[in-house]
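Enquirer: the following comprises the amino acid sequence and a computationally predicted model.
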Amino acid sequence: MRHTTWHPNALRIARFVSTATLLSLAPGALHGQGSASELVGLWEAKLRFGPDVRGSLTIERAASAWRAEIAGVSTAARILGDTITFTLPDGRGAFRGLLASDRGRGRGRIVGHWIQATTVANGSRYASPVVLTRAGSAQRWRGDIDPLADEFTMYLRVDPNADGSLRAFLKNPERNIGRFTRVAALERQGDVVHLLATPTGGTKGEVLAEGVLREGLLSIPLRGGTYDFRHVEASAASDFYPRSHPGAGAAYAYRVPARLDDGWPVATPEEVGMSRAALETLVRAIIDMSIDSLSSLEIHSVLIARHGKLVLEEYFHGEHRDKPHDTRSAAKSVTATLLGAAIQAGVPLSARSPVYQVMNGGRFPADLEPRKRALTLEHLLTMSSGLDCDDGDPKSPGSEDAVEEQTEEPDWWKLTLGLKMIREPGERAVYCSVNPHLAGGVLQRAAGRPLPELFHALIAEPLVIRRYWMNLTPTGDAFMGGGVRFLPRDFMKLGQLMMNGGRWGVRRVVSAEWAKRATSPLTTLGSQKYGYLWWVTEYPYQGRTLQAFYAGGNGGQVVMGIPALDLVVAFYGGNYSDPVMFRTQRQLVPQYVLPAITS
């Protein structure tokens, strides 16, 4: 999963902060047959890993037997009470759903989740919603599954140096693999092309990968398989650039977001007291951003709503409104929102609920130490649990990397509960992804229902979120520390929900008290304030200070609310594990967004 780390301490993690540069090979480094100049320019490749199981799913009851069919595969299904499940052979997918009544007309629907096979790109399984309706027979239901696409895109940019050597960098919009496979230069020897790291000590850099150039294809083994890179002509369009071609910004003119059936009202800037010209300036600035190094800012989309109406929706680098985006640790705010919605719906929990008591079925474990007895749900939501977990410390046994990489304990809730207490609960906040994940465990135990089912009923349905992909742990439980995939318009709704004091339209989803407390400065993480898994910051504005809350995720995922202006702003990006991602909220919001307010 690797959703860490977007928090002030991230700058201390060496592998995340080394500066990306374009470095040269020493003169004369290119030898052998073939011209090095043939490699100059932009190369791109895409590798798709599946999944092949997608499309129409049919579940049918014949006599007392239940069967499911999808992608040409038929398998037996099991029903227990109102719950129906099945698993495809060879781990190709699974399903869990509930037979649901349809406005008093009997069991008209099956509402559930498709669980796709483990992805290559992220190493996770994902649960996505499926709604099956009756299809021609009282005992047959049909619906479409929509698994997350498992793919990687690679861009290799090659430029010449004055001495004839080549500098290069590798970009990957899905994971930013270039930050870890740090290509700095290329060397050609006949048909063989070496991707080299930064030179050290006067010698050429280490060979990171070896490719072969034949018939216009540069084939290079990288993460997940061998990529066949094709050369992109200088005048050709490519999603490497913000808008297909370099310098395309001059042609941009504002357009009102599309009016869809997803619950978002739309408006023009003038209707909500914003400047159309200022918004155009923001979008043109993004379009005109040069992608000339590994650490160039890569913004995938920007959306703005004011007074509850969507007024700006623009996408870049081939992203679009129907394409799911990784929200990384910004999805921690989903955990806090889901807990608030569950409490509002009557699940027997509160911020003061003792964690170990709930997780142990209502009784504290025998001989539990006093500090663990004192640990409450609120401590998990404010990152002040006192457990030995710190995502910024590679030696911490409870860090996200340590938990994900270990194989001895597949139950991450059990592993987290077994961590040592190294300080009193509430004494100090330390960023650690297993805190919100354990908060999800507390909710699942208290409610007695899987988290995807709770999310669908309490958040997705009232907010009209029809497509999402929840990443799962080895035990099949939803990971609540980040990484849920959403459509950009849908994830932005969480910010608007908090702005509305817990309401979406006429429906109350979380209490006004929970919404306010979740987005208030309750503790300090690094140099920033923190609420219930929402960050809190401030901006100078027209001689005063505005408080803002935001969900923040690795790569530049931001959903921000500024209550004094009734303003919600969302950015999505691809600068994973690169500090340049902080520019969106630190620079673009005060430089372009706030000045766009006219009234």
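Expert: Received it, and whenever you're ready, just let me know what you need. Numbering: from 1, shown residues only.

Enquirer: contacting residues around residue 550?
Expert: Contacts were defined as C-beta atoms under 8 Å, 6 or more residues apart in numbering; by that measure residue 550 touches 495, 534, 535, 537, 558, 559, 560, 561, 585. From N, CA and C alone the C-beta is placed, and that goes for glycine too.

Enquirer: which stretch of helix or strand covers it?
Expert: With elements taken from DSSP states H and E, the one containing residue 550 is strand 544-553.

Enquirer: partner strands of the very next helix or strand once past that strand, parallel or antiparallel?
Expert: Secondary structure here is assigned by DSSP H and E; on that basis, the next helix or strand after strand 544-553 toward the C-terminus is strand 557-562. Under the criterion DSSP bridges, strand 557-562 sits next to strand 544-553 (antiparallel), strand 567-573 (antiparallel) in its sheet.

Enquirer: isn't residue 44 right up against residue 237?
Expert: No: with contact taken as C-beta atoms under 8 Å, residue 44 and residue 237 are classed as non-touching, separated by 10.9 Å.

Enquirer: who's more crowded, these two?
Expert: residue 44 (19 against 13; other C-beta atoms under 10 Å).

Enquirer: how many neighbouring residues does the nearest residue to that one once chain neighbours are set aside have?
Expert: Nearest-residue entry for residue 44: residue 155, 5.1 Å, with adjacent residues in sequence omitted and distances by C-beta to C-beta, 6 or more residues apart in numbering. Neighbour count of residue 155, defined by other C-beta under 10 Å: 23.

Enquirer: mind listing what's buried in the helix or strand where residue 155 lies?
Expert: With elements delineated by DSSP H and E, residue 155 resides in strand 150-160, which encompasses its position. Buried positions in strand 150-160, judged by neighbour count with 16 or more other C-beta atoms under 10 Å: 150, 152, 153, 154, 155, 156, 157, 158, 159.

Enquirer: now the angle between strand 150-160 and the helix or strand that that strand is followed by, please.
Expert: Once the chain leaves strand 150-160, the next helix or strand it forms, by DSSP H and E, is strand 166-171. Between the axes of strand 166-171 and strand 150-160, defined by axes from the mean of the first three to the mean of the last three C-alpha atoms, to 10 degrees, the angle is 160 degrees.

Enquirer: so when I look at residue 404, I'm seeing a helix, right?
Expert: Yes: assessed by DSSP: H, G, I helix; E, B strand; the rest coil, residue 404 belongs to a helix.

Enquirer: in the stretch 1-150 of the chain, where is pLDDT below threshold?
Expert: Under the criterion of pLDDT under 70, the regions of the stretch 1-150 of the chain flagged as low confidence span 1-34, 102-107.

Enquirer: can you pull out the strands in it?
Expert: Under the criterion DSSP state E, counting those that start in this stretch, strands of the stretch 1-150 of the chain are mapped to 41-50, 55-62, 65-70, 73-80, 83-87, 93-100, 109-116, 125-134, 140-145, 150-160.

Enquirer: could I get these as TSV with distance to residue 233?
Expert: Compiled in TSV, those are given as follows (distance: least, C-beta to C-beta, whole Å):
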stretch	distance to residue 233
strand 41-50	8
strand 55-62	36
strand 65-70	41
strand 73-80	43
strand 83-87	47
strand 93-100	40
strand 109-116	36
strand 125-134	36
strand 140-145	38
strand 150-160	14
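
Enquirer: check the ones you listed for me and report the most buried one.
Expert: Using mean count of other C-beta atoms under 10 Å, the stretch among those with the greatest mean number of neighbours is strand 109-116 (a mean of 23).

Enquirer: tell me the gap between that strand and the middle of its chain.
Expert: When C-alpha coordinates are averaged (C-alpha atoms, centre = their mean, to the nearest Å), strand 109-116 and its chain have centres 21 Å apart.

Enquirer: tell me which other helices or strands it touches.
Expert: Under the contact definition 3 or more C-beta pairs under 8 Å, 6 or more residues apart in numbering; DSSP states H and E, strand 109-116 sits against strand 93-100, strand 125-134, strand 140-145.

Enquirer: return the distance of stretch 67-85 from the chain's centre.
Expert: For stretch 67-85, the separation from the chain centroid amounts to 30 Å (computed by C-alpha atoms, centre = their mean).

Enquirer: give me the distance between the two termini of it.
Expert: In stretch 67-85, first residue to last residue: 10 Å (C-alpha to C-alpha, to the nearest Å).
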